[in-house]
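Peer 1: sequence below, structure please.
(chains A and B)
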Amino acid sequence: MKQKIKKIIAKAIKEIGVEKIPEILVEVPKNLEHGDYSTNTAMILKKNPIEIAEKIKSDLFKKIEVKNGFINFFVSDKYIIENIKKINKNFGKNNNLKIKEANGSERSRRIILDYTDPNPFKEFHIGHLMSNAIGESLSRIFEFQGAKVKRVCYQGDVGMHVAKAIWGKIKNKNLKWPEAYAFGAKEFTDNENSKKEITELNKKVFEKSDKNINKLYDQGKKESLKYFDKIYKKLDTKFDWLIFESQVADLGKKTVEKGLKSKVFEKGENSAIIFKGEKFGLHTRVFINSEGIPTYEAKDLGLAQIKYKKYPYDLSFVVTGNEINEYFKVMKQAMQEVLPDLANKTNHIGHGMLRLPEGKMSSRTGKIITGESLLGKLQEMVIEKIKDEDFSKKEQQEIAEAVAVGAVRYSILKQSIGGDVIYDFDKSISFDGDSGPYLQYSFARAKSILRKAKQEKINKSFAKIPNEVSQLEKMLCQFPEIIEKAGTEKEPHFILLYLTELAGCFNTYYAKNKIVDKSDEFSAYKVALTEAFTVVMKNGMHLLGIKTLEKM
RNA sequence: GCCCUCGUAGUUCAAUGGAUAGAAUAGGAUCCUUCUAAGAUCUAGAUGUUGGUUCGAUUCCAACCGAGGGCACCA
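Peer 2: Numbering: from 1, shown residues only, chains lettered A, B, ... in the order given. This is a model prediction of the structure:
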């Protein structure tokens, strides 16, 4: 639609004698009185907007208006209805992420995303829920736009945190793994002697030189992964590959050693191998420490290559907390020097922290909310709310799970990526207003109406159409444009805000109109409109990772 | 000290350089014998400070004030 209008405007300004056509901006005005679409082209060209408007002749519009220098377009109802008729399960999909090959054939862009990334031996906390919500949503948005997406979860199964956990477990067998980690981490900072022991242990873990430690290690990793799997299932995320730090460490180390010869890296204090970021306006980081163990930096260089070997991607996204934004710049710059092809394809998406109003959480001090306990508590709240309804135990469980996950995902995705999310537990379980359950409720309501229509044998039809379309029809038509915007900006919150507004629109429509009504000649049309609403909601909610429910 | 990010209603968030800065919450007032009230309708309140660029600035630039993150062997 926007594209069509742009072409029409381009033609008109050519006709008034402008030779250099600028980039034409068409927007959906915030104020309804300013039309369905609007352009500021006349102001940019410093031309008389009336002159341009007069050249525009198209039956797409029922009215074109000039106001304050803007040209406002009012789309004809007929055209809107034509669009509504086209809404099906593919509505909103596009081919923006297809690539034209030199021989003219077309293929999907290969995109690999890396997100969630919890560390075995540690807790899966709500920060991981955040990374998961963002990564999963972006994955789905890319897929919707024609890309072939692979999902990766990169996990730290070596490094100091493992040593801390194993050390804690050795000192106290009764501790659970995350507790053992917290204990070890505390001792590491508080006690010089413990620090020494843990550092020793870290080397043994890395070299796999001690049988007993290996056994403990295997046991801990297995238990952790089992625990994570349960959560992924709930979150409806299926990773194509789990990649571990232990798999990428060697390759990373080799890459750095190679780079040392070509002078990308250099020897620093205590013979650590470092990258001087200052040459690029960044800071210095250690890639191989004085013990000869590759750090996170070196491992990331290995990881990029392993990913590419598994899947020769066109684009790679790494979703992590924004506290490593600066780190990532340095690492990427080093990659630019030793693996330029991969560096050019690599992007970092740093999200904010999930904070609790009362303060920062940390798995080191044990002051955290785990992903499991948060989802569990939300589920209990939902069950309490629906226990009197006529649902089977199984249905109850499904609803509770979908609503709980939806509520969390919504509160994460409702703002732009990058800023901290203040997670107010009480608000997120209130389910009022802007919330995941609001979307799910609106959808379930519409579904319920469609069931009633079926019972009363009112089939959808566009044979009889009301004289004037409402805001609901107009909003439904905007879905494809919202997808494009969310896709190019890589911001799921555009979809979320749109769906919230759309649901509100439907709820208003629902309040004002009786949809299933045998005595109403427009009932079949209203049923068709309700169905179109459910299709758009379902497509949109899928992109946010929020499940739709037939009943709730 | 240096680098990065961010300051918008009481609170939590929106706003490709555009029109009267939007929502949601919290407060007040309505609406269930009628398709799910987890809903709808009405009602008040904000761009940290000072300059600059522009026809036009919440948005771009500079300075200041304030918050968060990062800066060599953690991830």
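
Peer 1: residue of the stretch 51-200 of chain A nearest RNA strand B, please.
Peer 2: Distances between the stretch 51-200 of chain A and RNA strand B by CB to the nearest atom of the strand are smallest at A:G159, namely 2.8 Å. In short, each C-beta sits where N, CA and C put it, glycine included.

Peer 1: ok, that residue - how many residues close by?
Peer 2: 21 (other CB atoms under 10 Å).

Peer 1: residue ranges with poor pLDDT in chain A?
Peer 2: In the predicted model, chain A carries pLDDT under 70 at residues A:357-368, A:426, A:429.

Peer 1: RNA strand B contacts on the stretch 51-200 of chain A?
Peer 2: Residues of the stretch 51-200 of chain A lying near RNA strand B by CB under 7 Å from any atom of the strand: A:K67, A:N68, A:G69, A:F70, A:N72, A:N119, A:G156, A:V158, A:G159, A:M160, A:H161.

Peer 1: 10 Å instead, please
Peer 2: A:65-73, A:117-119, A:122, A:154-164, A:185, A:188, A:195, A:198-199 (CB under 10 Å from any atom of the strand).

Peer 1: list buried residues within the residues you listed.
Peer 2: A:65-66, A:70-73, A:117-119, A:122, A:154-164, A:185, A:188, A:198 (16 or more other CB atoms under 10 Å).

Peer 1: tell me which of those fall in helices.
Peer 2: Among these, DSSP state H puts A:M160, A:H161, A:V162, A:A163, A:K164, A:A185, A:F188, A:I198 in helices.

Peer 1: quick check: the two most widely separated of those?
Peer 2: Longest distance between any two of these is 12.4 Å, between A:V162 and A:F188; criterion CB to CB.

Peer 1: number of residues surrounding A:G292?
Peer 2: A total of 12 residues lie near A:G292 under the criterion other CB under 10 Å.

Peer 1: and the helices in the stretch 401-550 of chain A?
Peer 2: All helices of the stretch 401-550 of chain A, identified by DSSP state H, counting those that start in this stretch, fall at A:425-428, A:436-455, A:471-477, A:479-489, A:493-512, A:523-544.

Peer 1: nope, the stretch 151-300 of chain A is what I was after
Peer 2: A:160-171, A:177-190, A:192-207, A:211-235, A:245-261, A:296-310.

Peer 1: list the buried ones in the second one?
Peer 2: Residues of helix A:177-190 classed as buried: A:W177, A:P178, A:E179, A:A180, A:Y181, A:A182, A:F183, A:G184, A:A185, A:K186, A:E187, A:F188 (neighbour count, 16+ other CB under 10 Å).

Peer 1: would you agree the second one is in contact with A:N119?
Peer 2: What that stands for is A:P178. No: with contact defined as CB atoms under 8 Å, A:P178 does not reach A:N119; the gap is 10.0 Å.

Peer 1: which helix or which strand is home to A:R107?
Peer 2: strand A:106-108 (DSSP states H and E).

Peer 1: what lies in contact with that strand?
Peer 2: Strand A:106-108 has contacts (CB atoms under 8 Å, 6 or more residues apart in numbering) with A:N95, A:L97, A:K98, A:I99, A:K100, A:E101, A:G146, A:A147, A:K148.

Peer 1: against A:K299, how distant is A:A343?
Peer 2: Remark: distance between A:A343 and A:K299 (CB to CB, to the nearest Å) = 16 Å.

Peer 1: among the two, which residue is more densely surrounded?
Peer 2: A:K299 (30 against 18).

Peer 1: can you pull the contacts of the spatially closest residue to the more buried one that is not a sequence neighbour?
Peer 2: Closest residue to A:K299 apart from its sequence neighbours, by CB to CB, 6 or more residues apart in numbering: A:G252 at 4.6 Å. Counting by CB under 8 Å, 6+ apart, A:G252 makes contact with A:P294, A:A298, A:K299, A:D300, A:L301, A:G302, A:L303.

Peer 1: keep only the residues you listed that also lie close to RNA strand B.
Peer 2: Restricting the contacts of A:G252 to those near RNA strand B by CB under 10 Å from any atom of the strand leaves A:P294, A:A298, A:K299, A:D300.

Peer 1: quick one, what contacts the spatially closest residue to the last one that is not a sequence neighbour?
Peer 2: Once flanking residues are discounted, A:D300 sits nearest to A:M331: 5.2 Å by CB to CB, 6+ apart. Contact analysis of A:M331 by CB under 8 Å, 6+ apart lists A:R285, A:E297, A:D300, A:L301.

Peer 1: and if you look at A:L378?
Peer 2: A:A400, A:V403, A:A404, A:A407, A:V408, A:S428, A:I429.

Peer 1: just the buried ones from these, in ChimeraX syntax?
Peer 2: Listed next is the ChimeraX selection for buried residues among these, using 16+ other CB under 10 Å:
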select /A:400,403,404,407,408,428,429
